[in-house]
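1. kindly generate the corresponding structure for this input.
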Amino acid sequence: MEPYQNLIDFATSKGALVFWNHMETDSGISQKGATVLETLPYPDDLLKTRNYTGFQAVGDKPIRQTEPGQQWDQVLMQYLNGNREHPVWGFGGNDYFCEDQKGDRLGSVRTIFLVRERNNDTVLDAMKNGRMYAVRQADANRLSLDEFVVGDQKVGNQVTMGQELVATDFPAIKLKLRSVQGGNKTAQIQIIRNGSLVKVETVSLPYELTWRDVGVDRKGPVYYRIKAQVSSEDHLVSNPIFVKFADNLGMDVAAAPAPEPGPAPSPAENFMKKPVVPAAPPVSQPEAPRVASLSEVPSLTPPTLSMPTPIPQPQEIRTPAPVPQPGMIEPPQVEIAMKESAPEKPPMAESSPGKSLMVMTNGVALKKGLLAGACVVDSDYQGEIFVSCWNRGNTSFTIQPGDRIAQMIIVPIEQPNFEFVDSFDETIRSVGGFGHTGVS
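-> Predicted structure coming up:
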């Protein structure tokens, strides 16, 4: 290996970037007349040489060195353990001779660089520092890794490919994967940590993932890299992201500064910047909900907060049917002491997205033995609102128009984003439920 190492050292001393190429190919084995030519695949040369920049991680055919635990991971572990001065990056290269020869097409393998400006200097800097990923495409609808970052959720810091995070918490891996022209694609996503496959998912594209790696041993540095594959001709390989833990370094980590407003970012800037989360809008009193009568009663009073005034006389339209008594025993009475408050003007609320109506039993109806089934009415529902009643008393009860048998409450609806995790932090309750803390 000495001649190759001498060439690498000379090139890097002049500021060049050096990449190993075609390390898995067997095209060097042939015979010309009586002469046998034999250049065997040489993937182990990644381990036998030093100071080079990277190697061909994606080609026209899958490259074995990128599989978990193979030569690339072994080299990266040498870097983590302090046995190499620099990490090794992966790039994509065509084994190209002529268009459509043996299925070769120029551009079927690409290297996607994370740059803020498109010029030679920024591309070379991204190549030198691993801010890139490699992709093999069967057609124009290639895979796109729109985001791959590792963050510290406690302080808000995050980094992307080729960079290093100093973490105070379990690393949170975020990725966004899609096909550039859309359509139905199913991909297998692999998350590799320190040469081991720690997470595998088969997903439909587009796909987003936020995964907090609570199983990592925070006693030493780690790295994460991504592989995504639709087929042998449609896949990508990311470069690694490195993580060191502040507890092992004896240092404090400052939170990320708040982002400043600026012009709309380009796709590359979107990839590399921490997203700006807008402030929650102030809570205001809503306007009055609009209601329409679906019955023949000409002037029923719209529903309002119950007030200590005489109940108005009902307006008879037709003979109401009584709610039949089902013949059940009378349930035990329950008394609840409540502090009476002064009547307030009802909140004037326009029903809007994010709000819903809740219907539940009125106290007067409960005294009569009626139980209204609780329900939720979506904010965009415009039909008739029904109240389902169950007579638990000993006698039949006739509901007249205008009787107060249920209550309606307007409440905000939270729509959180769920984070899928493999396990939860242990609590005292754990999986206990349904009275496990009751009578002993």
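
2. any idea how many residues pack against the closest residue to Ser232 other than its chain neighbours?
-> Excluding the flanking residues, the one nearest Ser232 by Cβ to Cβ, 6 or more residues apart in numbering is Pro62, at 5.6 Å. No exception for glycine: its C-beta is placed from N, CA and C like everyone else's. When neighbours are defined as other Cβ atoms under 10 Å, Pro62 has 17 of them.

3. so Pro62 is in which element?
-> According to DSSP states H and E, Pro62 maps onto no helix or strand at all.

4. same deal with Met77?
-> Following DSSP H and E, one finds Met77 within helix 71-80.

5. what pairs with the helix or strand following that helix, parallel or antiparallel?
-> Once the chain leaves helix 71-80, the next helix or strand it forms, by DSSP H and E, is strand 89-92. The pairing partners recorded for strand 89-92 under DSSP bridges are strand 54-58 (parallel).

6. please name the bridge partners of the residue nearest to Gly93 when sequence neighbours are not counted.
-> Nearest residue to Gly93, sequence neighbours excluded (Cβ to Cβ, 6+ apart): Gln56, at 4.6 Å. Listed by DSSP bridges, the beta-bridge partners for Gln56 are Phe91.

7. Gln56 against Arg64, yeah?
-> No - when contacts are counted by Cβ atoms under 8 Å, Gln56 is not listed as touching Arg64 (11.9 Å).

8. quick one: which of those two has more around it?
-> Shown here are Gln56 and Arg64; by other Cβ under 10 Å, Gln56 has more neighbours (24 against 13).

9. per-residue confidence at that one?
-> At Gln56, the pLDDT value in this model is 94.

10. tilt between the helix holding Met77 and strand 54-58?
-> Orientation check (axes from the mean of the first three to the mean of the last three Cα atoms, to 10 degrees): helix 71-80 against strand 54-58 gives 140 degrees.

11. helix 71-80 packs against which elements?
-> Judged by 3 or more Cβ pairs under 8 Å, 6 or more residues apart in numbering; DSSP states H and E, helix 71-80 is in contact with helix 45-48, strand 222-231.

12. just name the most buried of the ones you listed.
-> Counting by mean count of other Cβ atoms under 10 Å, strand 222-231 has the highest mean neighbour count of those, with a mean of 22.

13. could you give the angle of it to strand 54-58?
-> Interaxial angle, strand 222-231 versus strand 54-58 (the same axes, to 10 degrees): 30 degrees.

14. show me what strand 222-231 is packed against.
-> When contacts are defined as 3+ Cβ pairs under 8 Å, 6+ apart, strand 222-231 sits against helix 71-80, strand 143-152, strand 172-179, strand 186-193, strand 234-238, strand 241-245.

15. quick one: closest of the ones you listed to Val216.
-> strand 186-193 (6.8 Å; Cβ to Cβ).

16. give me the contacts around the closest one.
-> 68, 73, 143, 173, 175, 177, 197-205, 207, 209, 211, 213, 216, 222-230 (Cβ atoms under 8 Å, 6 or more residues apart in numbering).

17. pairing partners for that strand, with directions?
-> strand 196-204 (antiparallel), strand 222-231 (antiparallel).

18. what would those strands look like in CSV with mean pLDDT and distance to Asn81?
-> CSV is the format used below for the strands paired with strand 186-193 (pLDDT from 0 to 100; distance: least, Cβ to Cβ, whole Å):
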stretch, mean pLDDT, distance to Asn81
strand 196-204, 95, 15
strand 222-231, 96, 12
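
19. what are the bridge partners for the residue lying closest to Glu147 once chain neighbours are set aside, then?
-> Excluding the flanking residues, the one nearest Glu147 by Cβ to Cβ, 6+ apart is Lys176, at 4.1 Å. Beta-bridge pairing for Lys176 (DSSP bridges): Glu147, Glu208.

20. same check on Lys244?
-> When assigned by DSSP bridges, Lys244 has beta-bridge partners Val166.

21. quick one: it from Gln78, how far?
-> Distance, Lys244 to Gln78, using Cβ to Cβ, to the nearest Å: 16 Å.

22. could you do Tyr52 as well?
-> Per Cβ to Cβ, Tyr52 is found 13 Å from Gln78.

23. neighbour count: the two, which is higher?
-> Tyr52 (23 against 15).

24. quick one: which of the strands paired with strand 186-193 is nearest Val88?
-> When those are compared by Cβ to Cβ, strand 222-231 sits nearest Val88, at 11.3 Å.

25. what residues does that closest one touch?
-> 66, 76, 80, 133, 138, 143, 145, 148, 150, 171, 173, 175, 177, 185-194, 213, 216, 235-243.

26. relative to strand 241-245, how tilted is that strand?
-> Going by the same axes, to 10 degrees, strand 222-231 is angled at 150 degrees with respect to strand 241-245.

27. just to revisit the earlier point, tell me the buried residues in the helix holding Met77?
-> Neighbour counts over helix 71-80 (16 or more other Cβ atoms under 10 Å) mark 71-73, 75-76, 79-80 as buried.

28. list the contacts for Met127?
-> The contact partners of Met127, by Cβ under 8 Å, 6+ apart, come to 17, 53-54, 89, 91, 111, 113.

29. farthest-separated two in those?
-> Going by Cβ to Cβ, the pair spanning the contacts of Met127 furthest: Thr53 and Phe113, at 13.8 Å.

30. give me the more crowded residue out of those two.
-> For Thr53 and Phe113, the more surrounded residue by other Cβ under 10 Å is Thr53, and the numbers stand at 21 against 17.

31. what's the closest non-adjacent residue to Asp73?
-> Once flanking residues are discounted, Asp73 sits nearest to Gly195: 3.4 Å by Cβ to Cβ, 6+ apart.

32. right, and the one you found touches Gln74 too?
-> Yes - checked against Cβ under 8 Å, the pair Gly195 and Gln74 is within contact range at 7.1 Å.

33. tell me the confidence at Gln137?
-> Per-residue pLDDT puts Gln137 at 92.

34. make 51 the first number, not 1, from now on.
-> Done: numbering now begins at 51, and the last item shifts to Gln187.

35. ok, now how distant is it from Val108?
-> 10 Å.

36. which residues do the two both contact?
-> Contact with both Gln187 and Val108 is made by residues Val159, according to Cβ under 8 Å, 6+ apart.
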